[in-house]
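A.B. asks: pasting the sequence and the predicted model now:
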Amino acid sequence: MTFISNKISEQENIGDPFETMESAWFWFIAANNARVDGARVSAGIGKGGRPCEVSDIISILDRLHRNRILTMDHLRVLKFYGERGYAPDKAYRKERRAFYQWKEALNKMRPVFERKKIVRKQGFNFFGLSGASLPDMDNAMTPSMEGAY
């Protein structure tokens, strides 16, 4: 008997990673709302093709919450502002606490999203350059340390 997995292999490129965590989050909220309303959302299908499915992000959020990395306050802020389509503004006093929780939550989610290639890796940003214009540090040649001592 042969089993066929619906999971997509890591080598298979089904879509371009999101440029920012915010764009990934706003896509997730819109796609999840569409899914709740009855639409069928799948990775690699549609205009741009996305690197994941809604269920992938839900499982990441679930795991981060169960491991106490994300709190319910983080999730509430992400949902509240995600449904409105904009990030909280630090300049508004009433949104200042939400702004810090929003940033903290996205920063805690970033390593997982980068590892799963949902979001493009953010390079060292010393001069304010975007990650796309920086050299690919994963493929950089490093000298061997053999015989150095």
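C.D. replies: That came through, no problem. Keep in mind that what you see is a predicted model, and the values were worked out from it rather than measured.
A.B. asks: which residues of the protein fall in strands?
C.D. replies: Taking DSSP state E to define them, one finds no strands in the chain.
A.B. asks: quick one, helices of it?
C.D. replies: Along the chain, the stretches classed as helices by DSSP state H are 21-36, 54-66, 72-84, 96-115.
A.B. asks: which one of those lies nearest to Lys90?
C.D. replies: Closest to Lys90 of the helices of the chain, according to CB to CB: helix 96-115, at 4.4 Å. All C-beta spots, glycine's among them, are computed from the backbone N, C-alpha and C.
A.B. asks: next, the buried residues of that closest one.
C.D. replies: For helix 96-115, burial by neighbour count (16 or more other CB atoms under 10 Å) applies to Ala98, Phe99, Gln101, Trp102, Ala105, Leu106, Met109, Arg110, Val112, Phe113.
A.B. asks: mean pLDDT and distance to Gly123 added to the helices of the chain, as CSV?
C.D. replies: Below are these laid out as CSV (pLDDT from 0 to 100; distance: least, CB to CB, whole Å):
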stretch, mean pLDDT, distance to Gly123
helix 21-36, 93, 15
helix 54-66, 96, 22
helix 72-84, 97, 25
helix 96-115, 97, 11
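A.B. asks: may I see those helices organised as TSV, with distance to Gln122 added?
C.D. replies: Output for the helices of the chain, formatted as TSV (distance: least, CB to CB, whole Å):
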stretch	distance to Gln122
helix 21-36	9
helix 54-66	17
helix 72-84	19
helix 96-115	7
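A.B. asks: between the ones you listed, which one is nearest to Gly15?
C.D. replies: helix 21-36 (10.7 Å).
A.B. asks: which neighbouring elements make contact with that closest one?
C.D. replies: Under the contact criterion of 3 or more CB pairs under 8 Å, 6 or more residues apart in numbering; DSSP states H and E, helix 21-36 touches helix 54-66, helix 72-84, helix 96-115.
A.B. asks: give me the contacts around the second one.
C.D. replies: In this structure, residues lying in contact with helix 72-84 by CB atoms under 8 Å, 6 or more residues apart in numbering are 25-26, 28-29, 33, 61, 65, 87-88, 98, 101-102, 104-106, 108.
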